[in-house]
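Peer 1: with the input below, show me the fold.
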Amino acid sequence: MTNGFKIIGIETRTTNQGNQSQQDLGKLWAQFYADNIFDKIPNKVSGNVLSIYTDYKSDYTEDYTTIIGVPVSTLNDVPDGLIGREFKPDNFKKFVAKGEMPKAIVDVWLDIWKNDRELNRKYTYDFEVYGEKSQNRLNSEVEIYVAIK
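Peer 2: Next up is the predicted model:
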């Protein structure tokens, strides 16, 4: 169980069909860094960057929203052009992607999708945590949390 959190960041609507998400998420990450979004976010509670997958139309085969942002203490001060969202506490199964990014993350997600039924996914929201260890080139680590029933 995680405690839930508030986040400020940027978002896009995408789908995994036809590798669309690879293009859309690549653009979203590029925008996050090019526009220095991290520095524009007030009231940060950590230096971690989160990538959240939410508002699923049904499951991983259909449309969903991706938000890239930073956990914050309040949503009272959301800068223009950014979005603020609150995510309630939920139950998660934790995975750790290790190795070269983004390939290591893609490999873990392919495994998650393959075991979708067994995992009993909830499709409320899933998220990745990009902390200090996420920038270690070939030895990077990113935590992935998948909501389960």
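
Peer 1: contacts and neighbour counts: CA atoms only from here.
Peer 2: OK.

Peer 1: what is the biggest helix by length in the chain packed up against?
Peer 2: Using DSSP state H, we find that the single longest helix of the chain is helix 20-34. In terms of contacts (3 or more C-alpha pairs under 8 Å, 6 or more residues apart in numbering; DSSP states H and E), helix 20-34 is packed against strand 5-14, strand 64-72.

Peer 1: ranking those strands by burial, who's on top?
Peer 2: When the helices and strands packed on helix 20-34 are scored by mean count of other C-alpha atoms under 10 Å, the highest mean neighbour count falls to strand 64-72 (a mean of 23).

Peer 1: residues contacting the residue lying closest to Lys88 once chain neighbours are set aside?
Peer 2: In space, and not counting its chain neighbours, Lys88 is closest to Gly4: 4.6 Å by C-alpha to C-alpha, 6 or more residues apart in numbering. By C-alpha atoms under 8 Å, 6 or more residues apart in numbering, the residues touching Gly4 are 86-90.

Peer 1: going by neighbour count, list what's buried in the longest helix of the chain.
Peer 2: 21, 24-25, 28-29, 32 (16 or more other C-alpha atoms under 10 Å).

Peer 1: as CSV, these with distance to Lys57 and pLDDT would be great.
Peer 2: Shown next, in CSV, are the buried residues of helix 20-34 (distance: C-alpha to C-alpha, whole Å; pLDDT from 0 to 100):
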residue, distance to Lys57, pLDDT
Ser21, 15, 93
Asp24, 17, 96
Leu25, 18, 95
Leu28, 20, 98
Trp29, 22, 96
Phe32, 25, 98
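
Peer 1: which of those residues lies closest to Glu62?
Peer 2: Nearest to Glu62 among the buried residues of helix 20-34 is Ser21, at 10.8 Å by C-alpha to C-alpha.

Peer 1: contact partners for the closest one?
Peer 2: 14-15.

Peer 1: now the one 3 residues further on
Peer 2: Under the criterion of C-alpha under 8 Å, 6+ apart, the contact list for Asp24 reads 12, 14.
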